[in-house]
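Engineer: Any chance you could fold what I've pasted below:
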Amino acid sequence: MDAGLLPSNLTGDPDFPLILDIGFGDGELLISMAKNKVGTNFIGIEVYDAGIGHCLKLIEQNKINNLKLVCGDAVEVMQFGIENESLDEINLLFPDPWPKKRHHKRRIINPEFIELMSKKLVLGGLVNISTDWENYAEQVLDLFDQREDFVKKPSFTRDENTKFEKRGISLGHEIFDFTYKLMS
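Structural biologist: Next comes the predicted model:
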């Protein structure tokens, strides 16, 4: 094992699928998914202490044992902590939209990050993306359309809305959901 990889006790039972949730916010949806899929391992990555603290409280309250949390930058965690071809699914639900045009380069979904995801996913693995920013949705479509290794699939459904999804809906924003499958 490489020195930088996450320890196996963090990635869970190797016989179970592994889902990575990037920027899980308050953790409510992540907890719901972990409760409903006990035969699946989950790793949540978040940079904000408040979200991690709230999610840790929910893990304890709900006695969740198939979910681990990492505090850190998702790009760095994926580059140095996640083994290649180990993830069955990656969720990016309402990533920071960086709405000002001059800040678009800060968006996590860019060509380099899509390439990184392609290395970390198993063949047939899924990327689920949701946003309420139309120009971010257009960027997602454009970037994935340039890739021959990802195929657009019907979007996955969630049992509940995220905090940021609820905010977007209350503001009258359209919700854009995408699912891409790694084919080669």
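Engineer: Every contact and neighbour count from this point should use C-alpha atoms.
Structural biologist: OK.
Engineer: which strand in the chain runs the most residues?
Structural biologist: strand 121-131 (DSSP state E).
Engineer: Output that one as CSV, restricted to C-alpha atoms.
Structural biologist: Output of strand 121-131 as CSV, limited to C-alpha atoms (Å, rounded to 0.1, in the frame of the first residue of the first chain):
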residue,chain,number,x,y,z
LEU,A,121,-13.5,4.7,-10.6
VAL,A,122,-13.9,1.0,-11.4
LEU,A,123,-15.0,0.2,-14.9
GLY,A,124,-18.7,0.8,-15.0
GLY,A,125,-18.4,3.2,-12.1
LEU,A,126,-20.8,6.2,-11.9
VAL,A,127,-20.4,10.0,-11.4
ASN,A,128,-23.5,11.7,-10.1
ILE,A,129,-23.5,15.5,-10.3
SER,A,130,-26.3,18.0,-9.4
THR,A,131,-26.3,21.8,-9.6
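Engineer: That strand: partners in the sheet, and parallel or antiparallel?
Structural biologist: In the sheet, strand 121-131 lines up against strand 87-93 (parallel), strand 176-182 (antiparallel) (DSSP bridges).
Engineer: how about the helices in the chain?
Structural biologist: All helices of the chain, identified by DSSP state H, fall at 8-11, 28-36, 49-62, 74-81, 111-120, 134-145, 163-170.
Engineer: Am I right that Asn84 is in contact with Lys119?
Structural biologist: Yes - at 5.5 Å, Asn84 counts as touching Lys119 under the criterion of CA atoms under 8 Å.
Engineer: Which of those two has more residues huddled nearby?
Structural biologist: Lys119 (19 against 16; other CA atoms under 10 Å).
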